[in-house]
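*Asks:* give me a model of this one.
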Amino acid sequence: MGHSHHHHHQELSGKKLLISILLNIGITLAQVIGGIISGSLALLSDALHNFSDVLSLIISYLANRFTRKQASVKRTFGYKRAEIMAAFVNSATLIVIAVILIKEAFERFLQPEAITPSLVIWLSALGIAANGFSVLLIRKDAKDNMNMKSAYLHLFTDMMASVAVLVGGLLMYFYQLYWVDPLLTILIGLYLVYMGYDLLKSSSKVLMLFTPDQIKVDEMVQIIGEHPAIKNVHHVHIWQLNEREIHLEAHIDFHKNINLITFDEILKEIEEKVFHEFGITHLSIQPEFGKCHTKQVIVQD
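*Replies:* Numbers count the residues shown, from 1 in each chain. The predicted structure follows:
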């Protein structure tokens, strides 16, 4: 039942992403044409970011579909990492786009150009409306899914960029402050770097099999080792497969040469403890008795 609910949730997320893709294609075309006609760098940079949104949303959509595929003998984990890969790619593109925008803005500062602000105002308003709708559409899904969060960040930052462009357009229209256009572009770029870095770091940690931040290994080993039958917990590996699955692999040295039924009972107790206290969902334990090899908690294989 839980799996069925999760599958339905993924399908719903996929549909929301598809709607957002179509909206962003429309915005991008409108802003490219408007940016060329008006001469607004901020509008063209917004269009560039919108185009990156389209690509990132397509990546997120494909990852969402791939994740639903079943595991096989060649892919025993299935495509559970697909959404983490999408989050990594999308957060990296956010930072690259930001650098491009900042570079273009500095060049515009050195060579200012006249801009048609009325067109900028209308098209940025269109961007706010469409991206705002997309942001509200996938906001809930972004809370517990890196892939959806990466798509959400692209859309949210683009909505904020459109707000900045609108403010710039109004200032240019009423006060002829044309330097506002590149200034806002720089601020948008810096904001993208700030937002993209955090997600890039989080997705990189998962892909590199780092221990999840919330798990204190020494504390966990100590709690497991408190069981009277356990002599030592060592050779520990903890990694996060995706947002929903954290795996623990360890060797456990026992005081006595216990039978399988006793081991299964102890294993069940350990599973309950590490799930409720550390959120670990999958456990692989190698039982040992009287082995002479290293008993270090962390061992480089």
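
*Asks:* residues near residue 126, how many?
*Replies:* Around residue 126 sit 17 other residues, with neighbours defined as other Cβ atoms under 10 Å. Just so you know, the C-beta spots here come from the backbone N, C-alpha and C atoms, and that holds for glycine as well.

*Asks:* what residues sit buried inside the helix or strand where residue 15 lies?
*Replies:* Using DSSP states H and E, residue 15 sits within helix 2-38. Using 16 or more other Cβ atoms under 10 Å as the test for burial, helix 2-38 gives 10, 13-14, 16-17, 20-21, 23-25, 27-28, 30-32, 34-35, 38.

*Asks:* what mean pLDDT does it get?
*Replies:* Averaged across helix 2-38, the pLDDT comes to 75.

*Asks:* the next helix or strand along the chain from that helix vs helix 2-38, what angle?
*Replies:* Later in the chain than helix 2-38, the nearest helix or strand by DSSP H and E is helix 41-67. With axes from the mean of the first three to the mean of the last three Cα atoms, to 10 degrees defining the directions, helix 41-67 sits at 160 degrees from helix 2-38.

*Asks:* output the contacting helices and strands for helix 41-67.
*Replies:* Contacts defined by 3 or more Cβ pairs under 8 Å, 6 or more residues apart in numbering; DSSP states H and E place helix 41-67 against helix 2-38, helix 82-110, helix 117-138, helix 146-175, helix 180-207.

*Asks:* quick check: angle from it to helix 146-175?
*Replies:* Going by the same axes, to 10 degrees, helix 41-67 makes 170 degrees with helix 146-175.

*Asks:* quick one: buried residues of helix 41-67?
*Replies:* Quick answer for helix 41-67 (16+ other Cβ under 10 Å): 41-54, 56-61, 63-64, 66-67.

*Asks:* how near is residue 55 to residue 20?
*Replies:* The spacing between residue 55 and residue 20, counted by Cβ to Cβ, to the nearest Å, is 12 Å.

*Asks:* sorry, wrong one. I was asking about residue 233.
*Replies:* Residue 233 is 46 Å from residue 20, by Cβ to Cβ.

*Asks:* give the contact list for the residue nearest the centre of the chain.
*Replies:* Closest to where the C-alpha atoms of the chain average out (Cα atoms, centre = their mean) is residue 146, at 3.1 Å. By Cβ atoms under 8 Å, 6 or more residues apart in numbering, the residues touching residue 146 are 83, 84, 87, 199, 202, 203, 206, 242, 243.

*Asks:* contact partners for the closest residue in space to it that isn't next to it in sequence?
*Replies:* If the residues on either side of it in the chain are set aside, residue 146 comes closest to residue 87, at 3.8 Å by Cβ to Cβ, 6 or more residues apart in numbering. Counting by Cβ under 8 Å, 6+ apart, residue 87 makes contact with 146, 147, 149, 150, 199, 202, 203.

*Asks:* tell me how the chain divides into domains.
*Replies:* Per automatic domain parsing, the structural domains of the chain span 2-207, 217-288.

*Asks:* and the ones you listed, which is most packed in?
*Replies:* domain 2-207 (a mean of 19; mean count of other Cβ atoms under 10 Å).

*Asks:* any idea how far that one is from the chain center?
*Replies:* 13 Å (Cα atoms, centre = their mean, to the nearest Å).

*Asks:* distance of residue 57 relative to residue 279?
*Replies:* For residue 57 relative to residue 279 (Cβ to Cβ), the value is 29 Å.

*Asks:* please apply the same query to residue 253.
*Replies:* Distance from residue 253 to residue 279, by Cβ to Cβ: 25 Å.

*Asks:* do residue 140 as well
*Replies:* On the measure of Cβ to Cβ, residue 140 and residue 279 end up 21 Å apart.

*Asks:* same question for residue 47.
*Replies:* 42 Å.

*Asks:* with adjacent residues omitted, what lies nearest to residue 98?
*Replies:* That would be residue 192: by Cβ to Cβ, 6+ apart, it lies 3.6 Å from residue 98.
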